[in-house]
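> I'll drop the sequence and a predicted model, then ask my questions.
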Amino acid sequence: MNEGMRATMTTLTATVRDTDAGERRWFCGGGLHTWVATGAETGGAFLIFEDALDAGKVTPLHRHPDADETFYMLEGEILLDLDGEQQSLHAGGIAIIPRGIPHAFMVTSPRARMLCLQNPATGEAFYRMASEPDGGEDAEPPLDFERVRAAASATGAIEILGPPPFPPVASPAI
């Protein structure tokens, strides 16, 4: 093992986080994130957060130029658009999206929860800029797509390619 690898391995500490113990942040594009593992805790290797979503939540068509993204559905259903191909993803399903692939999703069940894994953790700055700490209120703050766009532009972690590729009735202007 080379010295650089040994130094990285010895500077990280173990992270143990029980249910609902992670930092909670309201994403300005919709949904409550519970951060399970941050880039600081993984040496930048990956970021994991749970995303709690309501029916109709939709993302613009976008891509992550420098990170792979994986969705693991815990509850509910989403309609996933991967490079123009659409398919449903249900609880227990997984989608592995390599960096650079255009994608978007829309929640089609009353509620959905999914784990989102990004590796490496290069998108963390985007999510922090485009979210607010959960202050314990019951109501989700209003959507702020301009803030999401600004965070995408400032960090380069996400490239917004266009509006959601789903029926216009369910898609807010992004």
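Thanks, I have it.
> correct me, but Arg63 touches Ala104?
No: if you go by Cβ atoms under 8 Å, Arg63 and Ala104 don't touch, sitting 9.8 Å apart. C-beta coordinates here come from the backbone N, C-alpha and C atoms, glycine included.
> more crowded one of these two?
Remark: of Arg63 and Ala104, Ala104 carries more neighbours, 25 against 19, as counted by other Cβ atoms under 10 Å.
> Only the buried residues of stretch 102-113, if you could.
Pro102, His103, Ala104, Phe105, Met106, Val107, Thr108, Ser109, Ala112, Arg113 (16 or more other Cβ atoms under 10 Å).
> where does the fourth one land in three-state SS?
Following DSSP: H, G, I helix; E, B strand; the rest coil, we place Phe105 in the strand state.
> can you give me the strands for this protein?
24-27, 32-37, 47-54, 61-63, 68-75, 77-82, 85-90, 94-97, 103-107, 111-119, 131-133, 159-162 (DSSP state E).
> out of those strands, deepest packed?
When those are scored by mean count of other Cβ atoms under 10 Å, the highest mean neighbour count falls to strand 103-107 (a mean of 23).
> Among the buried residues of stretch 102-113, pick out the one closest to Pro163, please.
Closest approach between these and Pro163, by Cβ to Cβ: Ala104, at 8.8 Å.
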